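A.B. asks: Sharing a model that was predicted from the sequence below.
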Amino acid sequence: MPAAPSTLAALRSLLAARFPERIRKPAGRVATGIAAVDEALGGGLAAGRLTECVAAAPGGGAQLVLAGLLASTRAARQRLALVDGADGFAPEAVPADHLRHLVWVRCRGAAEALAAGDLLVRDGNYAVIALDLRGLPARALRRQPATGWYRLQRAAEGGAAAVLVLTPCPLVPAAPWRLVLHPSLTLAHTRRPRPAVADGVAVALERGAARPEAAAMEELAG
Amino acid sequence: MSYAVLRVDDFALHALRRSDPGLAGRPVALIAGEGRKAVVAEVSPEAAPPAGAVAPGLPVTLAMARCPGLLLRPRDPAAELEAGRLLLAAAFALSPRVEHTAAGCCTVDLQGTDPARTGAQMHRCAAELARLGLPARIGAAATPLLAAYAARSAAPVRLVGDAPGFLTPLPLAVAEPSPLQAEILEGWGIRTLGALTALPKAEVGRRLGADGAALWERAAGETTRVLRLVEPARIFAAEWAYEPPVESVEPLLFRLRRFAERIALELRAAGCVAEALALTLRLEDETDYRREFALPEPDGDVDRWLRVLHAHLETVRTAARVAGVRLVAAPIRAPVKQDGLFDTGLRDPARFWENLARLGALVGGDRVGTPVPADTHRPDAFTLERPADTVPPAPPPPVHPPRGPVLRRFRPPAAAQVELGEDRPVALVSAPARGRIRAAAGPWRAAGDWWKPEAWAVETWHVELAGGGIYQLARTAAGWAVEGTLD
């Protein structure tokens, strides 16, 4: 029986030797096209991970993030699934060509949305799965058991899709990254080209680091 | 059919037999209790009546007298754990929503699956489990309870569509009455579920109490419950400790085959194959022998894995006997379909369309698909179409990009009261938003289909509230409404 590890680094090394299959490789990134968001996340949404984006008030630019993801996945010819908890997506608000790779699931509540997300995360055909829970009553969202989020996170880790959860309040205990969008858009923005509007989005990274895997791998190697 | 139950009768005995090759084809009895109180708990068909006349509950001494060649074994928790994981892996092939109900029993939520396809899958699943030494019965019905009843009489698969017709002739014992209830009902001449449910539920409850009413509900198959879902395997590994340690290849290969069969099923349920295998032999002298094998081609073929492992093990000489073995498969997404040179297709078309069908069953078939805006200026006009098989190349970006934040709709639009000042909105009262209006832009007027009964006309405004937030207002003949936010 080997001696008990005396430091955290030694414990990590021991775990790495005992369970080599659990060492996670750095995941790929899917750019949102919103400079502030991509910068906060170290290049975009991490594939095989769950990112929570909190939009507590209107005018934060959460819909711009969705439109940016539609554009970047369309350019890469990947598929995007939008699980729309409150059925708020407006197809006419984005260029028609940015919808050709979209699978839109129009739900009627939190339970339906989580069940749909659970199915899609395991699919393997999507590069991005966006779970939009804005517009749903906070009480209904908080009633969802935390185990459902952990289940979603573990399913995401088994696949290659980046999972974005848009919430009206901090909600997802299992999310390695949590972004908070602060209201920044005004009526003057409605007359500007959309890329210029996207530059005005204000973001704070409340949980996670821009490149957590890289930091972890370095620490493990060290 | 919304639920399926996979059930293995005499689960502990089957788990033991698939773990020990020496028990194949021989009369075996699992014993419970110790010393003189030991009795037969489960018995293999070779020793059961009429061949050996050994039945569960028989004292061990009597069982040995009745069947001289009878092999007596205690339960093997490690073998049961391995068999349980095999059963779970098979259940996950039917649906990702699986409950581990009890030892040798899983309940699967089938909501949204195609009944015809799932029926065929269940037959394949039962055949595969039987081939792997775990004969399972599978029942499918509208509730978990009915599916469990169906599994008891399945051979090996039973799909129940007509619940009353299925339940009526079943014996009362299926609903698991207490001994006292069974005695009372026997006295009333009630011997089948149909006979019990022919009585009014309220009268049964009045005479037998709440437990009697619950029994009536179970007999009618009305009881339903929420499944306690378990996670599918994420680490594809198996481990075994030999007691006593082994020194030849055969027991290792037997164990590795059992591991590989289970791991291959788990990988398939996760839509993966193995790209590498890691083998660890734990030696008696407390050292480990480790070796990794990169498979020539990622796959889930058990025989191919075994050929790789066998070829290597034949060459291995260790300093001590092998006390344990561990096998780990490194998963990779199955390359189900290779992309064409000029198209981006689906990696796993079968799973894609199956999941779309399940989503359709979950939220409604007309609420899933790819949106296509209609060729009109009418607000919120679009159709949902079947997603394309391939994503075509993107055209060059438009010369004039879209302007402003993106609309997010309230469906239906929220009725609003708007105060006007100098022909512009100055205050808004509605369910989603209220307050003084700081700035407003508009109006934009549109109308169409004037020659049809569904003629429409709308005046649209964008307003920014003093408290923050940009909203899109619409004024129609019906009045003002908040159509959505610009976000």
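C.D. replies: That came in fine, so what should we check first?
A.B. asks: Now do the same for residue A:211: its pLDDT.
C.D. replies: Per-residue pLDDT puts residue A:211 at 54.
A.B. asks: Chain A: helices as residue ranges?
C.D. replies: In chain A, the helices defined using DSSP state H lie at A:8-18, A:35-41, A:62-75, A:110-121, A:138-143, A:146-157, A:194-198, A:212-221.
A.B. asks: Okay, now the unreliable bits of the chain?
C.D. replies: Just so you know, I chose chain A. Residues of chain A meeting the criterion pLDDT under 70: A:1-9, A:12-13, A:15-27, A:209-222.
A.B. asks: wrong chain, I was asking about chain B
C.D. replies: Across chain B, the ranges flagged by pLDDT under 70 are B:1, B:49-52, B:334-345.
A.B. asks: hmm, what's the outermost residue in it?
C.D. replies: What lies farthest from the middle of chain B is residue B:422; by CA atoms, centre = their mean that is 61.3 Å.
A.B. asks: List the buried residues in stretch B:128-140.
C.D. replies: By neighbour count on 16 or more other CB atoms under 10 Å in any protein chain shown, the buried set for stretch B:128-140 is B:128-129, B:132-134, B:136-140. Backbone N, C-alpha and C define where each C-beta goes, glycine included.
A.B. asks: does residue B:166 count as helix, strand or coil?
C.D. replies: Recorded secondary structure, residue B:166: helix (DSSP: H, G, I helix; E, B strand; the rest coil).
A.B. asks: can you pull the contacts of it?
C.D. replies: B:141, B:146, B:149-150, B:160 (CB atoms under 8 Å, 6 or more residues apart in numbering or on different chains).
A.B. asks: Out of these, list just those in helices.
C.D. replies: Those of the contacts of residue B:166 lying in helices (DSSP H): B:146, B:149-150.
A.B. asks: returning to what we had before: okay if I get the contacts of residue B:166 as JSON lines plus distance to residue B:192 and neighbour count?
C.D. replies: Output for the contacts of residue B:166, formatted as JSON lines (distance: CB to CB, whole Å; neighbours: other CB atoms under 10 Å in any protein chain shown):
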{"residue": "B:141", "distance to residue B:192": "18", "neighbour count": "27"}
{"residue": "B:146", "distance to residue B:192": "16", "neighbour count": "25"}
{"residue": "B:149", "distance to residue B:192": "13", "neighbour count": "26"}
{"residue": "B:150", "distance to residue B:192": "16", "neighbour count": "28"}
{"residue": "B:160", "distance to residue B:192": "16", "neighbour count": "22"}
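A.B. asks: ok, for the residue sitting nearest the centre point of chain A, nearest residue in space, not its chain neighbours?
C.D. replies: With distances taken as CA atoms, centre = their mean, residue A:164 lies nearest the centre of chain A, 2.4 Å away. Nearest residue to residue A:164, sequence neighbours excluded (CB to CB, 6 or more residues apart in numbering or on different chains): residue A:130, at 4.7 Å.
A.B. asks: Show me what that neighbour is bridged to.
C.D. replies: residue A:82, residue A:164 (DSSP bridges).
A.B. asks: dump the residue contacts of it.
C.D. replies: Applying CB under 8 Å, 6+ apart, the residues contacting residue A:130 are A:66, A:69, A:80-83, A:164, A:166.
A.B. asks: Please report the distance of it from residue B:221.
C.D. replies: Distance, residue A:130 to residue B:221, by CB to CB, to the nearest Å: 40 Å.
A.B. asks: And residue B:132, by the same measure?
C.D. replies: Computed as CB to CB, the residue B:132 to residue B:221 distance reads 31 Å.
A.B. asks: Then residue A:144?
C.D. replies: On the measure of CB to CB, residue A:144 and residue B:221 end up 29 Å apart.
A.B. asks: Looking at the two, which is more packed in?
C.D. replies: The neighbour count for residue A:144 versus residue B:221, taken as other CB atoms under 10 Å in any protein chain shown, is higher for residue B:221 (25 against 17).
A.B. asks: Report the spatially nearest residue to the more buried one, omitting neighbours in sequence.
C.D. replies: Residue B:221 sits nearest to residue B:146 (CB to CB, 6+ apart), 4.4 Å away.
A.B. asks: Give me the contact list for the longest helix along chain B.
C.D. replies: For chain B, the longest helix by residue count, based on DSSP H, is helix B:249-269. For helix B:249-269, the external contacting residues (CB under 8 Å, 6+ apart) are B:18-19, B:21, B:82, B:85-86, B:89-90, B:92-93, B:128, B:132, B:232-233, B:236-238, B:240, B:242, B:246, B:273-274, B:279, B:281, B:300-302, B:305-306, B:309-310, B:313-314, B:322, B:325, B:327, B:329, B:331.
A.B. asks: again with stretch B:121-133
C.D. replies: With contacts defined as CB under 8 Å, 6+ apart, stretch B:121-133 is touched by B:4, B:6, B:8, B:14, B:17-18, B:86-87, B:90-91, B:93-94, B:135-138, B:140, B:156-157, B:159, B:261-262, B:265.
A.B. asks: what's the answer for stretch B:407-417, then?
C.D. replies: Identification of contacts with stretch B:407-417 by CB under 8 Å, 6+ apart yields A:63, A:87-90, A:92-93, A:134-135, B:380, B:428-432, B:472-474, B:479-487.
A.B. asks: Pick the most deeply packed of the helices of chain A.
C.D. replies: helix A:62-75 (a mean of 25; mean count of other CB atoms under 10 Å in any protein chain shown).
A.B. asks: just to revisit the earlier point, just the buried subset of the contacts of stretch B:407-417, please.
C.D. replies: A:63, A:87-90, A:92-93, A:134-135, B:380, B:428, B:430, B:432, B:472-474, B:480-487.
A.B. asks: quick one: residue B:86 from chain A, how far?
C.D. replies: Counting by CB to the nearest CB, to the nearest Å, the separation of residue B:86 from chain A is 20 Å.
A.B. asks: Could you find the closest non-adjacent residue to that residue?
C.D. replies: Closest residue to residue B:86 apart from its sequence neighbours, by CB to CB, 6+ apart: residue B:262 at 4.5 Å.
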